[in-house]
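**Q** here are the coordinates; sequence isn't available:
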C-alpha cells in the first residue's frame, strides 16, 4: 500500500518516477545530468508536531490518515556531494560499501561506453539513506532535503513560502550531512535577509527559539549573541528554577540575574527612605523631613500602581503553607520593565525640592543597566577544539559547606565560601558622566553587575580614591 499523499507544494516542476518492484516512487532531478541516485526514506511517527506546508499535519489528522513516511529518489552529481560534504565524501568512497558499489556501477557503465550523465535513472548507482524523525519532528522534510540539494548544486530552494521553520529544518539537515560550512558561505544572503515574525504568544517564542538555533549553527558571533539576548529579555514559558550547564539554563539564569539587579534599585531606595536614620533630603530646609516622607509615599504609590511592589500584611500561616500568599514573579519583557520604571515622575513636595525623589536616582542606574544589557547580556561563543563554548554566569557548585556569621551590619556572611561581590554604582557613574569609559569596559562589567550578590546604587562614593568597574568583594 502506498503512503498517503501530503498536500502542499510539488517537489519539482517536473517529477518523474522510479520503479522498485511493484511500487513507483517520485524521482526528483536535482541535476538531469546527475550520475548518482540518493534513495532517501523519511521516517515519520505520531510524535511529529509540525509539517511543511503548515496545514498538512492538520489535514492528515482531520481525515484520520496515517502518518506518511515517504521515500524519494534524487538524481545528483557525485562529485558535488563529495566536494562540499565530509559526510558524503566518506560514505561515497571506498572502503565503505556504498563507495564500492558506486565505483563498480560507474565502471560497468564505462565499459559499455555509456555516459552516466546521459543514461536513464534506473541504470545509475543508488545509495540508500534513512532520515529518522528525531530532530525536527516535521512531516514534509523531503521538501527541505530537496531544497538543500538544490542549494548544494547552485540553485535556489523550490519550497515557497520559505518560512522560519523551513529554514530551521534546512539548517538541521545541513548539520547532519556536514553541509553547514557550505550553507553558511553560499546561503549567507538568505540567512541575513530572512525575516523572523516574532509575536508575543507561544508561537512567537517558538520562532525566537528557531532563530537562536539557526544563528548557533550558522553564526557563532554577533548575531547569535543578539538572538540569545532577545530570548533572555523576552523570557520563556518553559523556564523553571533548576539550572544546569546547558545553553537553555544559561539564558534562564541570565534573565534571573537581570531581574534581581533591576529589583535591587527599588529595594534599596525603599529601605533607605523607610528605615534609614539619615535624612535623604540634603537641602537642609525645615521641609526636608517632610520631603523624605513624601518621597517614600510617592515611591510606594508609583511602584504599587505599576504592579512592581506588593504590600502584603502579616499572615497567620507559615511561608511553607500552601495558603501563604506569594507575590507573582515578573514574567514580562525586560525592556518593557525598564521603560515602565522610566515613567517614574519627578515628585516634589514643593518647588525647592526639584532634585529630590526616586527619579533622579533611578534613571542613571537604568541607563547603566541598559548599556550592560546591550553590550554583554547575550551569550558570546568562543571557538575551541571541542566546539563552541561560552563563559557561563552560572556559579559552579560550592566546594565547601556554607557557614554563616553576622557581620558588623548584622547581616549574614558565609565565611566558609568564597568572597561575595557587591556592585557599587558610585565607582562607575563618574566614567559615564565624563565619558572616560569605553565599550569593552562596559562589556566586562556586565557579568560583574548582573552576577553580584549585593548592589549599592548610592552615587556618592565613600572615598575619592576608589576606581574600577564597581565590583568589590565584601
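**A** Perfect, I can see it now. Just so you know, these numbers come straight off a predicted model, no measurement behind them. Numbering: from 1, shown residues only.

**Q** how about residue 323, what does it touch?
**A** For residue 323, the contact set (CB atoms under 8 Å, 6 or more residues apart in numbering) comprises residue 317. Just so you know, the C-beta spots here come from the backbone N, C-alpha and C atoms, and that holds for glycine as well.

**Q** mind checking pLDDT for the residue sitting nearest the centre point of the chain?
**A** Closest to where the C-alpha atoms of the chain average out (CA atoms, centre = their mean) is residue 228, at 3.6 Å. pLDDT for residue 228: 95.

**Q** Residue 279 too?
**A** For residue 279, pLDDT reads 68.

**Q** if we can go back for a sec, surely the residue nearest to the centre of the chain touches residue 379?
**A** Yes - between residue 228 and residue 379 a contact is recorded at 4.3 Å, counting by CB atoms under 8 Å.

**Q** Could I get the buried residue list for the helix or strand where residue 293 lies?
**A** Counting by DSSP states H and E, the element that carries residue 293 is helix 288-305. By 16 or more other CB atoms under 10 Å, the buried positions in helix 288-305 come out as 288, 291-292, 294-296, 298-300, 302-303.

**Q** Can you classify residue 369 by secondary structure?
**A** Here residue 369 takes the helix state, with states given by DSSP: H, G, I helix; E, B strand; the rest coil.

**Q** residue ranges for the helices of the stretch 301-450 of the chain, please.
**A** Remark: helices assigned in the stretch 301-450 of the chain by DSSP state H, counting those that start in this stretch are 334-342, 358-376, 429-434, 439-450.

**Q** Export these to a markdown table and append columns for distance to residue 25 and mean neighbour count.
**A** As requested, those are exported to a markdown table (distance: least, CB to CB, whole Å; neighbours: other CB atoms under 10 Å):
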| stretch | distance to residue 25 | mean neighbour count |
| --- | --- | --- |
| helix 334-342 | 51 | 16 |
| helix 358-376 | 53 | 19 |
| helix 429-434 | 66 | 14 |
| helix 439-450 | 55 | 18 |
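
**Q** what's the least confident stretch among those helices?
**A** When I compare the helices of the stretch 301-450 of the chain, helix 429-434 is least confident, with a mean of 56.

**Q** Is residue 372 in contact with residue 452, as I believe?
**A** No - counting by CB under 8 Å, residue 452 is not a contact partner of residue 372; they are 11.4 Å apart.

**Q** I figured residue 422 hits residue 453, correct?
**A** Yes - if you go by CB under 8 Å, residue 422 and residue 453 touch, sitting 6.9 Å apart.

**Q** Quick check: closest non-adjacent residue to residue 349.
**A** residue 294 (4.4 Å; CB to CB, 6 or more residues apart in numbering).

**Q** distance of the one you found from residue 356?
**A** For residue 294, the distance to residue 356 equals 9 Å [CB to CB, to the nearest Å].

**Q** overlap in contacts of the two?
**A** Joint contacts of residue 294 and residue 356 (CB under 8 Å, 6+ apart) are 347, 349.

**Q** Could you give the separation of stretch 71-90 from the chain centroid?
**A** 32 Å (CA atoms, centre = their mean, to the nearest Å).

**Q** hang on, the earlier thing: tell me the secondary structure at the residue nearest to the centre of the chain.
**A** Here residue 228 is recorded as helix under three-state DSSP.

**Q** got a list of what it touches?
**A** Residue 228 touches 212, 247, 251, 378-379, counting by CB under 8 Å, 6+ apart.

**Q** Which of the residues you listed scores worst on pLDDT?
**A** Minimum pLDDT across those falls on residue 247, with 86.

**Q** Which residues are in contact with that residue?
**A** 216, 228, 379, 390.

**Q** again, only this time at 10 Å
**A** Shown in contact with residue 247 (CB atoms under 10 Å, 6 or more residues apart in numbering): 212-213, 216, 224, 228, 231, 379, 381, 388, 390, 392.

**Q** Can you turn the buried subset of these into a selection I can paste into ChimeraX?
**A** Burial among the contacts of residue 247 is assessed by 16+ other CB under 10 Å; the matching ChimeraX selection reads:
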select :212,213,216,224,228,231,379,381,390,392
